[in-house]
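Participant: A structural model of the following input is requested.
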Amino acid sequence: VKLTASFPKRLTGAYMALRTQHAPLCHHLHRIGKTPSQYCPHCPGINETVPHLLLDCPSYRRERHALVTTLGRKASSLPFLLSDPSATQHLVRFLNATQRFRKTFGEL
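Facilitator: Got it, this is the predicted structure:
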């Protein structure tokens, strides 16, 4: 919460959604009855979760490469990405590039 104190409201919302696993991704949306499938639209049979989006989904390999280039090995740490201030601008760039949160939060 301290990390998000100076963030704009929509970025705070996105961070809270990511940290609580209530992000607008298929796994959560399916659980609350908003989408028919829990699976990643790019990876049949794989739940679209926060870790999958940020660390694994091959469809966002290029966007993830930018994270790894700037953050190094730390880019593969979910706790680091979601809580370290030095990761914020890079994570925001990644999320904007994937456009997965645009419908809910707009441009972060």
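Participant: show me how far the lowest-mean-pLDDT helix or strand in the chain is from its chain's centre.
Facilitator: Lowest by mean pLDDT, DSSP states H and E among the helices and strands of the chain is helix 102-105, with a mean of 91. How far helix 102-105 lies from its chain's middle: 12 Å, per Cα atoms, centre = their mean, to the nearest Å.
Participant: likewise for stretch 2-13?
Facilitator: 15 Å.
Participant: again, but for stretch 91-100
Facilitator: 7 Å.
Participant: on contacts alone, who are the packing partners of the least confident helix or strand of the chain?
Facilitator: Helix 102-105 sits against helix 9-19, with contacts defined as 3 or more Cβ pairs under 8 Å, 6 or more residues apart in numbering; DSSP states H and E. All C-beta atoms are positioned from the backbone trio N, CA, C, and that covers glycine.
Participant: can you list contacts of stretch 98-105?
Facilitator: 10-11, 13-14, 17, 23-25, 53, 60, 63, 95-96, 108 (Cβ atoms under 8 Å, 6 or more residues apart in numbering).
Participant: ok, of these, which come out buried?
Facilitator: 11, 13-14, 17, 23-25, 53, 60, 63, 95-96, 108 (16 or more other Cβ atoms under 10 Å).
Participant: turn those into JSON lines, columns for distance to residue 87.
Facilitator: Below are the buried ones among the contacts of stretch 98-105 laid out as JSON lines (distance: Cβ to Cβ, whole Å):
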{"residue": "11", "distance to residue 87": "13"}
{"residue": "13", "distance to residue 87": "18"}
{"residue": "14", "distance to residue 87": "13"}
{"residue": "17", "distance to residue 87": "16"}
{"residue": "23", "distance to residue 87": "16"}
{"residue": "24", "distance to residue 87": "20"}
{"residue": "25", "distance to residue 87": "19"}
{"residue": "53", "distance to residue 87": "15"}
{"residue": "60", "distance to residue 87": "16"}
{"residue": "63", "distance to residue 87": "14"}
{"residue": "95", "distance to residue 87": "12"}
{"residue": "96", "distance to residue 87": "14"}
{"residue": "108", "distance to residue 87": "14"}
